[in-house]
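Quick one: sequence and predicted model below, then my questions.
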Amino acid sequence: MKPLLRLVEEIRHGIPSHYHVDLENRLAIAWGERKRKRFDVKPRSRGEILVATRENRARIIYLQAQDEDCLLFLAFILAYSPRSCVDFKTTEFVEFHDYALDNIQQRASPETEKLLKTMAIRRGFNQNLHYLNYMQTMFPEGFVNTILCFLSIGTD
C-alpha cells in the first residue's frame with residue numbers, strides 16, 4: 001500500500017511526465033477494447049496467452065478500483081502493474097477506500113484532465129463508458145462543457 005500512498009501525494013497536482021507511458025498503457029488495458037481470442041488467425045504463443053490473461057485480470061482489478069474510489073484510481077493504476085494485479089486481493093480495496101475518505105478531499109488537476117482526454121482520443125477509449133463515468137465524476141464541469149460542445153456541433 002505504500003507505493004499507492006506515495007503516488008497519491010505525487011500526482012495530486014498533476015501527473016509527472018515520467019509516468020505518462022505507463023499510465024496510457026494501463027488506461028488502455030482498463031478502458032480499451034478487450035483482447036479476445038481470434039479463431040481466424042494462427043494459434044497464439046504461450047507468451048501471448050500469458051500477456052492476454054494478465055491484461056484481462058488487470059482490467060478487472062483496475063475497473064474494480066475505479067468503482068471503489070475514483071479519487072484513488074489513477075494512483076492505483078500507476079502503483080499496480082498488470083503483473084502485480086495477478087495476485088491482488090480485491091478485499092484490499094477496503095483499505096484504500098478508508099484511506100481516501102480520511103485523506104483525499106481534492107479533485108484531480110486540470111492538467112490531468114487534459115492529459116486523460118488526449119490519451120483517450122489517441123488510444124480510442126474516449127467513448128468507453130468507464131472512461132466517461134470517470135471523467136464525469138472527477139471533472140464534472142469540464143465534462144458538461146464537452147457534452148455541450150458535441151451537442152452544438154451535431155446541430156450545425
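Structure received. For clarity, every value in this text was computed on a predicted model and none was experimentally measured. Residues are numbered from 1 along each chain as shown.

Can you tell me the centre-most residue of this structure?
Residue closest to the mean C-alpha point of the chain, counted by C-alpha atoms, centre = their mean, is residue 27 at 4.1 Å.

Give me the distance between that residue and residue 112.
12 Å (C-beta to C-beta, to the nearest Å). C-beta coordinates here come from the backbone N, C-alpha and C atoms, glycine included.

And residue 134, by the same measure?
Distance from residue 134 to residue 112, counting by C-beta to C-beta: 11 Å.

neighbour-wise, which of those two wins?
Just comparing residue 134 and residue 112: by other C-beta atoms under 10 Å the higher neighbour count belongs to residue 134, 22 against 19.

got a list of what that one touches?
66, 70, 73, 116 (C-beta atoms under 8 Å, 6 or more residues apart in numbering).

For residue 13, grab phi and psi.
phi -110, psi 20 (degrees, to the nearest 10).

Nearest residue to it in space, ignoring adjacent ones along the chain?
residue 109 (5.4 Å; C-beta to C-beta, 6 or more residues apart in numbering).

Okay, now the unreliable bits of the chain?
By pLDDT under 70, the weakly predicted segments of the chain are 1-2, 35-40, 93-107, 142-156.
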